[in-house]
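Visitor: This is a predicted model, with the sequence first.
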Amino acid sequence: MQSLWKKEASEPHALFIDCFASVPKNFVEEVAIWLCGFRSEPKIISKNGETRKRKANQPLPEIVPKRSSRILEKQTNGIRQIYSKTERLRPKYEKRLQRFVPCLSYPPNKNYEDLANVLEVDTSKLFGRHIVANCDIDVGQIIGVAKPFSQIIYGSIDGNNNSSLPSNCLTCHKNNVTVQCERCDDVMFCSEECRSANKIHKIECTSISHKISDQFYDVKLAIQMVLTTVKTFSSAYGMINSFEKSNLAKNYTQHKWIMLNLTKMERDNTILRAYRAFECLMTMDFITSRFNTDRSKRFLMHLVLHYTAIIPANAFIDNAGTKSIYGTLSFFNHSCAPNACYGFKDGKGYIITIRPIKQDEQIFINYIGDKIKGSRVQRQEHIKRHWEFECKCERCAATAVIQPISFLIDDPHYRYIQNNKKDRFLPFGCKKRNRLRDECMNFLRKHGHCWTLVLDDVTISFLLSHTDDSF
């Protein structure tokens, strides 16, 4: 696993090493049985209006029952009337319906369009690939906005391990879903446009199910990543040649693939999860028609293993349960005293500054969520267990500037924030909410060089008042 593209010989057309050679036979049999229950059965509407399952590859019916057509037309006309009334009222209430839309506060970087031009991507032995500021950056600046390379949405799973349909659109992740997939019962969309735009689901539909238990979500995300990558190339050998010429990480192109270093965490479990994903991929005609030789299949094994290995340490999870892998946003390192924070809106991830940042200073985010409030020992144990590194940030190294609590709580900005916390839940864009945001920004500019629970409390108030997300 140390050399992802290691071959059995030095010849150009030599086979790649079989990374699944160590998979036990009993596990191979288990996966074969598991795949039978992992597939999603297509649906069909019979002439009497009842829904029944149809066989794989059976074409969809073109004739809709007249009775169903009349009911559908009546419901559609009702929706159109409501929509027409809403459109007439829109100009009157448009100002009240302001909403937060994440966009870069600066022009985009020439090499990485998802990052602002005030950032540079650097590499060092201590930090690996990381992000630094090439000028001073103020509080509240959005310095990164990106669509995910790949993501999945969690369904609601009950105690019997049965899950319902995801409540978010599979394409844009909005929660007003009204359109179901034509071929399966597993996913929903908010519009016909989103259903047509989702090319990946058209490949995986009826092959893998979106109603699966939590223990297999990493498997499904790895499958999504592979499908996204393969879809960008016309052939398997074109893909292999492109990856080999890129020398694993050089000439990084974010819209085609993610090239991140393999981790050493849970090596055996990673191989077993990757094997599940590989076997599931090999049930899809889209994959088997492209990867139909020993060399191309071995390459696919390594690609699946690589993506499976990076998910635990690099996936972002939002409050709605969407698990995403990003390209450039994964470049940001962790600190227990972060100077930036990540959020999610309308299917995009973004990075916003929460402390004043000086030129040449590295940009850090928080990997551990609410556990950042724990003791140093608790934080270090959690980071070591999930990411296998020791945090040496200013807070863990005890070099952070400590201000007396009384000095901070006596600040007039802080007193205003404490007395008007409820304003952060007012409609987005209103004067009181904007005033609270400005007071938070002034406090963070003044005391952002130190780190206390008081600062953490103000940061939360700032984020809630500055965006219409929940952190």
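Guide: Thanks, I have the structure now.
Visitor: now H466, nearest residue through space, not along the chain?
Guide: What sits nearest to H466 in space, not counting adjacent residues and going by C-beta to C-beta, 6 or more residues apart in numbering, is R437, at 5.0 Å. Quick note: C-beta positions are derived from backbone N, CA and C, even for glycine.
Visitor: if I pick the one you found, what's in contact with it?
Guide: Applying C-beta atoms under 8 Å, 6 or more residues apart in numbering, we find R437 in contact with 140, 462, 465-466.
Visitor: For stretch 414-430, which outside residues touch it?
Guide: 96, 98-100, 408-409, 432-433, 435-436, 439-440, 443, 454, 458, 461, 464-465, 468.
Visitor: among those residues, which are in helices?
Guide: 408-409, 432-433, 435-436, 439-440, 443, 454, 458, 461, 464-465 (DSSP state H).
Visitor: For C336, state which of the contacts of R437 is nearest.
Guide: Relative to C336, the closest of the contacts of R437 is F462; by C-beta to C-beta it sits at 18.5 Å.
Visitor: That closest one and N442 touch, don't they?
Guide: No - F462 is not in contact with N442 according to C-beta atoms under 8 Å; the separation is 10.1 Å.
Visitor: Between those two, which has more neighbouring residues?
Guide: Shown here are F462 and N442; by other C-beta atoms under 10 Å, F462 has more neighbours (26 against 17).
Visitor: Skipping adjacent residues, who's closest to the more buried one in space?
Guide: Excluding the flanking residues, the one nearest F462 by C-beta to C-beta, 6+ apart is C440, at 3.5 Å.
Visitor: Also V179?
Guide: Among residues not flanking V179 along the chain, F189 sits closest, at 4.4 Å (C-beta to C-beta, 6+ apart).
Visitor: Just give the number of residues close to that neighbour.
Guide: F189 has 23 nearby residues by other C-beta under 10 Å.
Visitor: For the stretch 151-300 of the chain, give me the ranges with low pLDDT.
Guide: 154-167, 208-214, 246-267 (pLDDT under 70).
Visitor: distance of the residue nearest to V179 from L170?
Guide: Using C-beta to C-beta, to the nearest Å, one gets 6 Å for the distance from F189 to L170.
Visitor: ok, the closest residue to L464 other than its chain neighbours to T171 distance?
Guide: Excluding its sequence neighbours, the residue lying closest to L464 (C-beta to C-beta, 6+ apart) is R424, at 4.3 Å. In this view, R424 and T171 are 30 Å apart by C-beta to C-beta.
Visitor: ok, now R99?
Guide: R99 sits 19 Å away from T171, taking C-beta to C-beta as the criterion.
Visitor: Between those two, which is the more surrounded one?
Guide: T171 (20 against 11).
Visitor: so that one is in which element?
Guide: For T171, there is no host helix or strand (DSSP states H and E).
Visitor: Who are the contact partners of it?
Guide: T171 sits next to 189-190, 194-195, 197-198, 347 when contact means C-beta under 8 Å, 6+ apart.
Visitor: Kindly present the residues you listed as JSON lines, with separate columns for secondary structure.
Guide: Below are the contacts of T171 laid out as JSON lines (DSSP: H, G, I helix; E, B strand; the rest coil):
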{"residue": "F189", "secondary structure": "strand"}
{"residue": "C190", "secondary structure": "coil"}
{"residue": "C194", "secondary structure": "helix"}
{"residue": "R195", "secondary structure": "helix"}
{"residue": "A197", "secondary structure": "helix"}
{"residue": "N198", "secondary structure": "coil"}
{"residue": "G347", "secondary structure": "coil"}
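Visitor: Would you mind listing which of those residues are buried?
Guide: The neighbour-count test (16 or more other C-beta atoms under 10 Å) marks 189-190, 194-195, 198, 347 as buried among the contacts of T171.
Visitor: where do the helices sit along the stretch 151-300 of the chain?
Guide: For the stretch 151-300 of the chain, the helices defined by DSSP state H, counting those that start in this stretch occupy 192-197, 199-204, 217-231, 236-245, 267-281, 285-288, 294-314.
Visitor: and the angle for the last one with helix 217-231?
Guide: Right, the one you point to is helix 294-314. Orientation of helix 294-314 against helix 217-231 (axes from the mean of the first three to the mean of the last three C-alpha atoms, to 10 degrees) gives an angle of 130 degrees.
Visitor: Also the fourth one?
Guide: Orientation note: helix 236-245 sits at an angle of 100 degrees relative to helix 217-231 (the same axes, to 10 degrees).
Visitor: for helix 236-245, packing partners?
Guide: Under the contact definition 3 or more C-beta pairs under 8 Å, 6 or more residues apart in numbering; DSSP states H and E, helix 236-245 sits against helix 217-231, helix 294-314.
Visitor: Of these, which is nearest M284?
Guide: Of all the helices and strands packed on helix 236-245, it is helix 217-231 that lies closest to M284, at 8.2 Å by C-beta to C-beta.
Visitor: Name the residues that touch that closest one?
Guide: 149-152, 154, 199-200, 203-204, 208, 210, 212, 236, 239, 256-258, 273-274, 276-277, 280-281, 286-287, 290, 300, 303-304, 307-308, 311-312, 315, 323, 325.
Visitor: Does F278 touch L300 like I think?
Guide: Yes - counting by C-beta under 8 Å, F278 does reach L300; the two are 6.8 Å apart.
Visitor: More neighbours: which of those two?
Guide: F278 (27 against 22).
Visitor: among the contacts of T171, which two are most distant?
Guide: R195 and G347, at 14.9 Å, using C-beta to C-beta across those.
Visitor: How much space separates the most centrally placed residue in the chain from L444?
Guide: For the chain, the residue sitting closest to the mean C-alpha position, by C-alpha atoms, centre = their mean, is S324 at 1.6 Å. S324 is 27 Å from L444, where distance means C-beta to C-beta.
Visitor: With adjacent residues omitted, what lies nearest to K147?
Guide: K348 (5.6 Å).
Visitor: list the contacts for that neighbour?
Guide: Counting by C-beta under 8 Å, 6+ apart, K348 touches 102, 145-148.
Visitor: Residue ranges of each domain in this protein, please.
Guide: 150-324, 401-471 (automatic domain parsing).
Visitor: which one of those domains lies closest to E361?
Guide: domain 401-471 (11.2 Å).
Visitor: ok now that closest one, how far from the chain's centre?
Guide: Chain-centre distance of domain 401-471: 28 Å, with C-alpha atoms, centre = their mean, to the nearest Å.
Visitor: and if you look at stretch 23-32?
Guide: Using C-alpha atoms, centre = their mean, the offset of stretch 23-32 from its chain centre is 30 Å.
Visitor: In that stretch, which residues are buried?
Guide: In stretch 23-32, counting by 16+ other C-beta under 10 Å, buried: 23, 31.
Visitor: what's the answer for stretch 300-318, then?
Guide: 300-316, 318.
Visitor: Could you do stretch 351-371 as well?
Guide: 351-357, 362-368.
Visitor: Stretch 176-188 too?
Guide: Residues 177, 179, 181, 183-188 are the ones in stretch 176-188 that count as buried (16+ other C-beta under 10 Å).
Visitor: Columns distance to L115 on top of those, output as TSV?
Guide: Shown next, in TSV, are the buried residues of stretch 176-188 (distance: C-beta to C-beta, whole Å):
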residue	distance to L115
V177	32
V179	34
C181	35
R183	38
C184	37
D185	40
D186	35
V187	31
M188	33
